[in-house]
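Asks: Build me a model:
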Amino acid sequence: MLETTSLSLLFFILFILLLFSAFFSSSETALMSLNRYRLRHLAEQGHPGAIRANQLLDRPDRLIGLILLGNNFVNILASAIATIIGIKLLGENGIVVATFTLTLIVLLFAEVTPKTLAALHPERVAFPASFILKPLLVLLYPLVWFTNSITNRILGLFGVRPEDTMSDAINSEELRMVLKEAGSLIPKRHKKMLVSILDLEKVTVDDVMVPRNEIEGININAPLAEIIKQLSYCANTRMPVYETSLDNLIGILHVRKALHLLAQNNLTLETLNSIIKSSYFVPENTPLNTQLIQFQRHKRRTGLVVDEYGDILGLITLEDIFREIVGEFTADLIDEDKDIHPQQDGSYLINGSANIREINRHNHWQLPTDGPKTINGLILEYLESIPEPNVSLRIGHYIIEVVQTTDNTIRTVRIREEFSLKEQK
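Replies: Alright, predicted model coming up:
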């Protein structure tokens, strides 16, 4: 029948077959290149093309079977028609010419070009294609089912089953990479906050707590006038209350409630004791993501960090955890006048008790935080002894000079980044 068909009709049929071949090739690449998370989002929003594409990708074995069945059929038929055209035009030599020419045409116009287009713009190709592939799958389902049954049996010999598809779930590291690749789609500040949330599991309460020697508390045995004065100038919303020392802890006082009693001229030791809430203790080395959940579960905002022996090491608040996520959201989170003193030569005079994480955050540095929590502890761990003044050391890209010491601690250090020295030269 094809031998008696006119050349013009054969060329037209060949052209149509090449279009079908390009369609199947581009559809396969486009559907497999779709962003699955964006696809699900669009499907939930009711996008018709996304809904159909999502349904097709639910069973990729059937989709691939349909596409390859259609692609191979049109390519083989195109090859037969090209052979007939070649024989009609060039005789027996036309078979070789037709084979070579068709291979080049299929490669360029039915494979590489449509697949490249589909890889660059998968949604533009996949969504319209799904309107054709979905009913085509229903129409050819018996044939697709037959071929897939044979294929699945062959795969079963190698221990592979279609149901054993990899989960689309991603872990925290993969999510972090997704955020980095999001580019301008997510504002930089929001991206930083999301990454900080992922990093909460790497930070523990003793990394951000207020050390015991810096905890501001109320001695219930002090004169009432002194307690009132302390409450009037207090910058914290909650304070621990103790007898004589922090080891004899009574509880946590909500300062606002105490000031309310003071405004009513009803603040006495009895009324003060009545509003003190029981203490809430937090084990050291608790990850911040865990502690955030614990604060929510126990409806608390402040906890005292204790070691394995029950000794108080420091104080952790809900605001300390929020600061790890959103950064410095109030002006007094780090007292620059107290801990960090910029110098004209580009260096910084820093108190030895300053928290390393706070210094890194404030100066955008990268001092090591996986060991000691303060500059004093970092230097002592590095030197394994209490240094004399004017002793200098290098930790990473930072030059640290001990400026002032006491009997058992380092009071002041001078720190500068190493590149600052190069710039000055």
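
Asks: C-alpha only now, for contacts and for neighbours.
Replies: Noted.

Asks: Report the mean per-residue pLDDT for the helix or strand where residue 28 lies.
Replies: Residue 28 belongs to helix 7-33 when assigned by DSSP states H and E. Helix 7-33 shows a mean pLDDT of 91.

Asks: With stretch 365-373 instead?
Replies: Along stretch 365-373, the predicted local confidence has a mean pLDDT of 86.

Asks: which parts of that stretch are buried?
Replies: Of all the residues in stretch 365-373, those buried under the rule 16 or more other CA atoms under 10 Å are 367, 369, 372-373.

Asks: can you redo those as JSON lines with secondary structure?
Replies: Rendered in JSON lines, the data for the buried residues of stretch 365-373 read as follows (DSSP: H, G, I helix; E, B strand; the rest coil):
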{"residue": "367", "secondary structure": "coil"}
{"residue": "369", "secondary structure": "coil"}
{"residue": "372", "secondary structure": "coil"}
{"residue": "373", "secondary structure": "coil"}
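
Asks: and which of those is nearest to residue 63?
Replies: Sorting those by how near they are to residue 63, with CA to CA, puts residue 369 at the top with 51.1 Å.

Asks: List the contacts of residue 325.
Replies: Contacts here follow CA atoms under 8 Å, 6 or more residues apart in numbering; on that basis residue 325 touches 193-194, 196-197.

Asks: That one and residue 235, how far apart?
Replies: Look at residue 325 and residue 235: by CA to CA, to the nearest Å, they are 22 Å apart.

Asks: Can you list the low-confidence ranges for the chain?
Replies: Under the criterion of pLDDT under 70, the regions of the chain flagged as low confidence span 1-4, 162-169, 328-337, 419-425.

Asks: most centrally placed residue in it?
Replies: Within the chain, the residue whose C-alpha comes closest to the C-alpha centroid is residue 176; the distance, by CA atoms, centre = their mean, is 2.9 Å.

Asks: doesn't it fall inside a strand?
Replies: No. For residue 176, which was evaluated using three-state DSSP, the result is helix, with no strand membership.

Asks: Touching, it and residue 193? I think so.
Replies: No. With contacts defined as CA atoms under 8 Å, residue 176 does not count as touching residue 193, sitting 11.3 Å away.

Asks: Let me see the contact set for the closest residue to residue 57 other than its chain neighbours.
Replies: Counting by CA to CA, 6 or more residues apart in numbering, residue 57 lies nearest to residue 63, which is 7.0 Å off, once chain neighbours are set aside. Applying CA under 8 Å, 6+ apart, one finds that residue 63 lies in contact with 56-57, 137.

Asks: how about those in TSV, adding distance to residue 417, secondary structure and neighbour count?
Replies: Shown next, in TSV, are the contacts of residue 63 (distance: CA to CA, whole Å; DSSP: H, G, I helix; E, B strand; the rest coil; neighbours: other CA atoms under 10 Å):
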residue	distance to residue 417	secondary structure	neighbour count
56	57	helix	19
57	53	helix	16
137	65	helix	19
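
Asks: Out of those, the closest to residue 121 would be?
Replies: The shortest separation between residue 121 and any of those is 17.5 Å, and it belongs to residue 57 (by CA to CA).

Asks: measure the closest one to residue 156 for me?
Replies: According to CA to CA, residue 57 stands 21 Å off from residue 156.

Asks: Next one: the closest residue in space to residue 228 that isn't next to it in sequence from residue 159, what distance?
Replies: For residue 228, the nearest residue in space outside its immediate sequence neighbours is residue 262; the separation is 8.0 Å by CA to CA, 6+ apart. In this structure, residue 262 lies at 76 Å from residue 159, with CA to CA as the measure.

Asks: Looking at the two, which is more packed in?
Replies: For residue 262 versus residue 159, neighbours defined as other CA atoms under 10 Å are more numerous around residue 262 (16 against 9).

Asks: Please, which helix or strand holds the more buried one?
Replies: Here residue 262 is covered by helix 255-263, with elements defined by DSSP H and E.

Asks: Kindly format the C-alpha coordinates of that helix as PDB.
Replies: Taking C-alpha atoms only, helix 255-263 is exported to PDB below (Å, rounded to 0.1, in the frame of the first residue of the first chain):
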ATOM      1  CA  VAL A 255       9.100  41.500  87.400                       C
ATOM      2  CA  ARG A 256       6.000  43.000  85.900                       C
ATOM      3  CA  LYS A 257       3.800  41.400  88.600                       C
ATOM      4  CA  ALA A 258       6.100  42.800  91.300                       C
ATOM      5  CA  LEU A 259       6.000  46.300  89.800                       C
ATOM      6  CA  HIS A 260       2.200  46.100  89.700                       C
ATOM      7  CA  LEU A 261       2.100  45.400  93.400                       C
ATOM      8  CA  LEU A 262       4.600  48.200  93.900                       C
ATOM      9  CA  ALA A 263       2.300  50.600  92.000                       C
END
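
Asks: who does it touch, helix- and strand-wise?
Replies: Contact analysis of helix 255-263 by 3 or more CA pairs under 8 Å, 6 or more residues apart in numbering; DSSP states H and E lists helix 224-232 as its packing neighbours.

Asks: What residues of the helix or strand that the helix it packs on is followed by count as buried?
Replies: Using DSSP H and E, the next helix or strand after helix 224-232 towards the C-terminus is strand 238-243. Judged by neighbour count (16+ other CA under 10 Å), strand 238-243 contains these buried residues: 238-242.

Asks: Any chance of CSV for the contacts of residue 63, columns distance to residue 219?
Replies: Conversion of these to CSV gives the following (distance: CA to CA, whole Å):
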residue, distance to residue 219
56, 70
57, 67
137, 79
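
Asks: helix, strand or coil for residue 96?
Replies: From three-state DSSP, the assignment for residue 96 is helix.

Asks: So what touches the helix holding residue 262?
Replies: Contacts made with helix 255-263 from outside it, assessed by CA under 8 Å, 6+ apart, are listed as 228, 231-232, 236-239, 267, 271-272, 275.

Asks: can you tell me which two in those residues are farthest apart?
Replies: The most widely separated members of the contacts of helix 255-263 are 236 and 271, with 19.9 Å between them, by CA to CA.

Asks: Can you tell me the closest non-neighbouring residue to residue 414?
Replies: Leaving aside its sequence neighbours, residue 414 is closest to residue 349 (4.5 Å, by CA to CA, 6+ apart).
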